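> Below: sequence and its predicted model.
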Amino acid sequence: MIDKKVVVIIPAYNEENSVAKVIRDIPKNLISEVVVVNNNSNDATRKNAVNEGATVLDELRQGYGYACLKGIEYVKENRKDTAIIVFIDADYSDYPEEMNELIKPIFENDVDMVIGSRALGNKEKGSMTPQQIFGNWLATSLLKVLYGVKYTDLGPFRAIKFDKLLELRMQDTTYGWTVEMQLKAAKYKMKASEIPVRYRRRIGHSKISGTVKGTFMAGYKIITTIFKYL
């Protein structure tokens, strides 16, 4: 039974046009708090998140992992009874209303971590670039070969038991965050599963896949992270 000990962490960098939509669509009957980590934005991201009732933290160090780590530290200090952490991006490419399905395997089947797979779900045309699709395939193929675990995606929309998340001792501060979580869960023999999720074109311009440099850096970091923990 869902007991509302679920905290949502949303890393956000210059997402003033989308972050409010994400917060608004989160099923409020499921969660105890929405934490937006404002990752050094220079627009109205912070203001718009506050207006929607979210707890907003500021992380001045640029990096997806830095933002996620900031959110985890906040929960550890202020929400000690938290059962589950849900991560979702602030760009409105995921469907927050699917959160119930995302966390259901944890409550019903005692799964430790659930990945929302865009590969298994319905993707809007153009929502993922060819290089993103290839990168996901390559990374998940390497995870299967090197760690013996089968994933179809490194999707950012995911849920994990909070105590298990702390056991992972997450370290990555930038693009390797999602794959680090998945490979460490495999190394520590945690029970993981995937569910299909829908995915749409993001609002605004991607800071990673929208640039050649961002795409290269993300791909390099993901691959090096996979080999780092062998």
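Received the coordinates, thanks.

> Please make it C-alpha for all contacts and neighbour counts, starting now.
OK.

> Pretty sure Tyr92 sits in a strand.
No - using DSSP: H, G, I helix; E, B strand; the rest coil, the secondary structure at Tyr92 is coil, not a strand.

> What does it show for phi and psi?
When quoted as degrees, to the nearest 10, the phi and psi of Tyr92 stand at phi 70, psi 30.

> For it, give me its contacts.
Contacts for Tyr92 (Cα atoms under 8 Å, 6 or more residues apart in numbering) come out as 18-19, 21-22, 200, 202-203.

> let's see 7 Å
When contacts are counted by Cα atoms under 7 Å, 6 or more residues apart in numbering, Tyr92 touches 18, 21-22, 202-203.

> In terms of pLDDT, where does it sit?
The predicted local confidence for Tyr92 comes out at a pLDDT of 98.

> please renumber so the chain begins at 438
Let's use 438 as the start, then, which means that last one is Tyr529.

> ok, back up a step: please pick the buried ones from the contacts of Tyr529.
In those, burial by neighbour count holds for 455, 458-459, 639, counting by 16 or more other Cα atoms under 10 Å.

> Let me know the closest of these to Met550.
The shortest distance between Met550 and any of those, using Cα to Cα, involves Val459 and amounts to 21.5 Å.

> Am I right that that closest one is in contact with Ser530?
No - contact status for Val459 versus Ser530: not in contact, 9.0 Å apart, counting by Cα atoms under 7 Å.

> Can you tell me the closest non-neighbouring residue to the residue nearest the centre of the chain?
Centrality entry for the chain: nearest residue to the mean C-alpha point is Pro593, 3.2 Å, by Cα atoms, centre = their mean. Closest residue to Pro593 apart from its sequence neighbours, by Cα to Cα, 6 or more residues apart in numbering: Ile525 at 5.9 Å.

> residues in contact with stretch 596-607?
Outside stretch 596-607, the residues touching it (Cα under 7 Å, 6+ apart) are 519-524, 539-540, 549-552, 618, 621.

> For stretch 601-613, output the C-alpha coordinates as CSV.
Once non-C-alpha atoms are left out, stretch 601-613 reads as follows in CSV (Å, rounded to 0.1, in the frame of the first residue of the first chain):
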residue,chain,number,x,y,z
LYS,A,601,19.0,1.2,-1.4
LEU,A,602,19.9,4.5,-3.0
LEU,A,603,22.1,5.4,0.0
GLU,A,604,23.8,2.0,-0.2
LEU,A,605,24.9,2.8,-3.8
ARG,A,606,27.0,5.7,-2.5
MET,A,607,26.5,7.6,-5.7
GLN,A,608,29.4,9.8,-6.9
ASP,A,609,29.0,10.9,-10.4
THR,A,610,28.4,14.7,-10.7
THR,A,611,27.6,15.0,-14.4
TYR,A,612,26.4,12.8,-17.3
GLY,A,613,27.3,9.4,-15.8
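
> Thanks a lot, catch you later.
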